[in-house]
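Participant: coordinates for the following, if possible.
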Amino acid sequence: MDDIPITRRSAIMGGVALLLTGCGGGGGGGTVAATSTPAPTTTPTPTPTTITFGDASVHDPSVIKVDGTFYVFGSHLAAARSTDLMNWTKIADNVTATNPLFNNVVTALADTFAWAQVTDLWAPDVVKLADGKFYHYYCACKGDSPRSALGIAVADKVEGPYVNRQILLKSGMWGLPSEDGVTIYDALTMPNVVDPNTFFDQSGKLWMIYGSYSGGIFILEMDTATGLQKPGQGYGKHLMGGNHARIEGAYVMYSPQSKYYYLFTSFGGLDANGAYNMRVSRSLNPDGPYLDAKDNDMANVKANPALPLFDDASIAPYGQKIMGNYQFALAAGETGTPLGYVSPGHNSAYYEASTGQYFLIFHTRFPGTGELHQIRVHEMFINADGWLVVSPFRYAPLSKNSTTLSAEVTAADVVGTYKMINHGKDISTAIKASQSVVLAADGTVSGTASGTWKHDGGNKITIALGATGTFAGVLSRQWNTNASAFVVTWTAQSVDGVSIWGARTGN
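Facilitator: Below is the predicted model:
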């Protein structure tokens, strides 16, 4: 198990105390999604069954699907595969001469390690190009500064071995010209060249989004034939962050349903005490501008240089927060360890064209287990406002041939008692505990929160909780491990970018 946390050490660079980037991110590479969403098929209400999971530890999992198998590639040259998004098998780990993804990666990437001054690799991305080959975007980072290199290696098979082509970008060249060849490198405004994610837009153009802390998140247009960046772009276009704001792990997924490009990022620090949380913004264009629900341009979201380093207060109000620290309490009849996550983040995402499903793939730590981390997959849905909302429990299909939205959840099905998580909007190490609420047949909400609810048809729900906000949500049935059963759930989001979840526990 790769349960080694990515550390950040303090260093003095140019008179500024730097506790720099988690160099940890990366996305999932893959081809463009289909242009239509299949209509769901009707299935009966599911009955309890046995669901099993096989867990693996891959930090910063970047997903790609090849011939029916999902692969995730992550930091420290770790990788795993799965055919069902529930059971994962580790296939590689650790930056050593024997890692099967490269023929002796220590010597193959010697120039990268020499620049970064470490023999380690951070969050990569793998994409398949038109020549049928797989392009592995790797990166190495010193860890206590943005001294990093990002390069590309190529293989005939997704599991490698990958052969190095070249370094694409460098950062952390203190006192020297940056990638434009003229401007002196400045970590406040220029990127740390890590956490790549390559993706095709709807016109067939190839892009790479990247960056962590430092000057923020940037995007470059890439050559679809070579996988290299097109010339003359320098570091590319700035999309988000700056002044060492704790923002990283950028990943873009297109939705043929909403016609939006969704930009995922992780705010906060990645370790168990880092308050990692995932946020989403969206754009009609692959290279932005990316906005949140209040139309804030995320390019303006950055730390306040007048405040202490890693100022989270300046960035917390922005973006749609889809998941942070939380834990469900055990309800009557439930058993096992109460389900919950600590510092979930650095995700990739996948759209399954054949079923119209959206998946969030990420790593997370857990309450009371320190730095142990594992892969988790949750299904996502598009709410009435066109925003992605995340299911409360890890993904499990209702049956072999049906999806979680295939079975209608009627208004009568909704009525009952729920464990509710309010993810808030803060960047905090506090674990959000579930609260008990009742959704009554008369459309009222009572318990630790009060308000009203309305079934909007098509498995949509609106929940209004007074001053807390009005939330547009989606109903489904999800596998509750503590109950060993599929239960009615809702996941909803407000214009303020706050997400709430509900899992039914009784009538």
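Participant: for the rest of this, base every contact and every neighbour count on C-alpha atoms.
Facilitator: Noted.
Participant: return the residues in contact with the spatially most central residue of the chain.
Facilitator: When Cα atoms, centre = their mean is applied to the chain, the residue found nearest the centroid is residue 347 (2.2 Å). Residues in contact with residue 347 (Cα atoms under 8 Å, 6 or more residues apart in numbering) are 25-27, 60-62, 249, 251, 264-266, 278, 360-363.
Participant: so which of those residues are in strands?
Facilitator: Counting by DSSP state E, those place 62, 249, 251, 264-266, 278, 360-363 in strands.
Participant: show me where the stretch 151-300 of the chain has strands.
Facilitator: Counting by DSSP state E, counting those that start in this stretch, the stretch 151-300 of the chain has strands at residues 163-171, 197-200, 206-210, 217-222, 237-240, 247-254, 261-267, 277-283.
Participant: give me the sheet partners of the host helix or strand of residue 348 and which way each runs.
Facilitator: Assigned by DSSP states H and E, residue 348 belongs to strand 340-352. Paired neighbours of strand 340-352 in the sheet (DSSP bridges): strand 326-327 (antiparallel), strand 357-365 (antiparallel).
Participant: so how far is it from its chain's centroid?
Facilitator: 4 Å (Cα atoms, centre = their mean, to the nearest Å).
Participant: so that it lines up with my notes, have the first residue be 382 from now on.
Facilitator: With the count now opening at 382, the last piece we talked about shows up as strand 721-733.
Participant: so where's the stretch 382-531 of the chain uncertain?
Facilitator: Applying pLDDT under 70 to the stretch 382-531 of the chain picks out residues 382-430.
Participant: regarding this protein, what is its longest helix?
Facilitator: helix 491-497 (DSSP state H).
Participant: I'd like the next helix or strand past that one.
Facilitator: Counting by DSSP H and E, the next helix or strand C-terminal to helix 491-497 is strand 506-509.
Participant: what bridges to residue 884?
Facilitator: With DSSP bridges applied, residue 884 shows beta-bridge pairing to residue 800, residue 870.
Participant: now it: how far from residue 506?
Facilitator: 34 Å (Cα to Cα, to the nearest Å).
Participant: hang on, the earlier thing: considering the ones in strands among the contacts of residue 728, which possesses the most neighbours?
Facilitator: Within those, most neighbours by other Cα atoms under 10 Å means residue 443, with 35 neighbours.
Participant: does that one touch residue 451 like I think?
Facilitator: No. If you go by Cα atoms under 8 Å, residue 443 and residue 451 don't touch, sitting 10.0 Å apart.
Participant: mind listing the helices for the stretch 432-581 of the chain?
Facilitator: Taking DSSP state H, counting those that start in this stretch to define them, one finds helices in the stretch 432-581 of the chain at 486-489, 491-497.
Participant: can you redo the ones you listed as a markdown table with distance to residue 750 and mean neighbour count?
Facilitator: Shown next, in a markdown table, are those (distance: least, Cα to Cα, whole Å; neighbours: other Cα atoms under 10 Å):
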| stretch | distance to residue 750 | mean neighbour count |
| --- | --- | --- |
| helix 486-489 | 32 | 18 |
| helix 491-497 | 31 | 18 |
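Participant: out of these, which gets nearest to residue 541?
Facilitator: Residue 541 sits nearest to helix 486-489 of all the helices of the stretch 432-581 of the chain, at 11.6 Å, using Cα to Cα.
Participant: the residue nearest to residue 864 when sequence neighbours are not counted - how many residues pack around it?
Facilitator: Once flanking residues are discounted, residue 864 sits nearest to residue 715: 4.8 Å by Cα to Cα, 6 or more residues apart in numbering. Residues lying near residue 715 (other Cα under 10 Å) number 16.
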